[in-house]
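1. Please work out how this folds:
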Amino acid sequence: MAQIVNFSEAAAIGIHAVLLLTSHRERALTTRRISERLGISDHHCAKVMQRLVHAGLVRATRGPGGGFVLAGDPAELTILMVFEAIEGKLEDRYCMFKVNKCPAGQCLFHELTAGVNRTIRSYLESHNLAELAATGALA
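-> Now for the predicted structure:
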């Protein structure tokens, strides 16, 4: 089925992984535990988790009892922060056709795509991990 708005697999993994970490704050979770819970590749999970560590959203500890924990208060970490840690800055400008210059002279869908991106940005930045965890989605 076709979709107009679609997050990458890495962004979906990142958002779900930090939600798991939010729901299990009493202990660190390994990539193996996260990947098993999400039904994804351990290797892909490890790559995404390293991006989150690099962005400062997650802390990693090695050794027995090691794993990943949130680096901050879930009420202060927004979904947008997680998304941008994985995908880079969310731009308001977006070309549906992925060309540098529209052959029509001006983008036929500029207002639509800019509006959709603003709506998505607003939603992602106004919802935090604590709110998302409170839904019990991955408890």
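2. if I pick the closest residue to residue 58 other than its chain neighbours, what's in contact with it?
-> Spatial nearest neighbour of residue 58, chain neighbours left out: residue 52 (4.1 Å); criterion: Cβ to Cβ, 6 or more residues apart in numbering. The C-beta positions use only the backbone N, C-alpha and C, and glycine is treated the same way. Counting by Cβ atoms under 8 Å, 6 or more residues apart in numbering, residue 52 makes contact with 14, 17, 18, 58, 68, 82, 85, 86.
3. Neighbours of the fourth one, how many?
-> Okay, so that is residue 58. Neighbourhood size, residue 58 [other Cβ atoms under 10 Å]: 26.
4. Could you list the low-pLDDT ranges of this protein?
-> In the prediction, the chain carries residues with pLDDT under 70 at positions 1, 92-95, 97-101, 103-105, 137-139.
5. and the top helix by length along it, which residues are buried?
-> The helix spanning the most residues in the chain, taking DSSP state H as the definition, is helix 110-126. Taking 16 or more other Cβ atoms under 10 Å as the basis for neighbour counts, the residues of helix 110-126 that come out buried are 113, 116, 117, 120, 121, 124.
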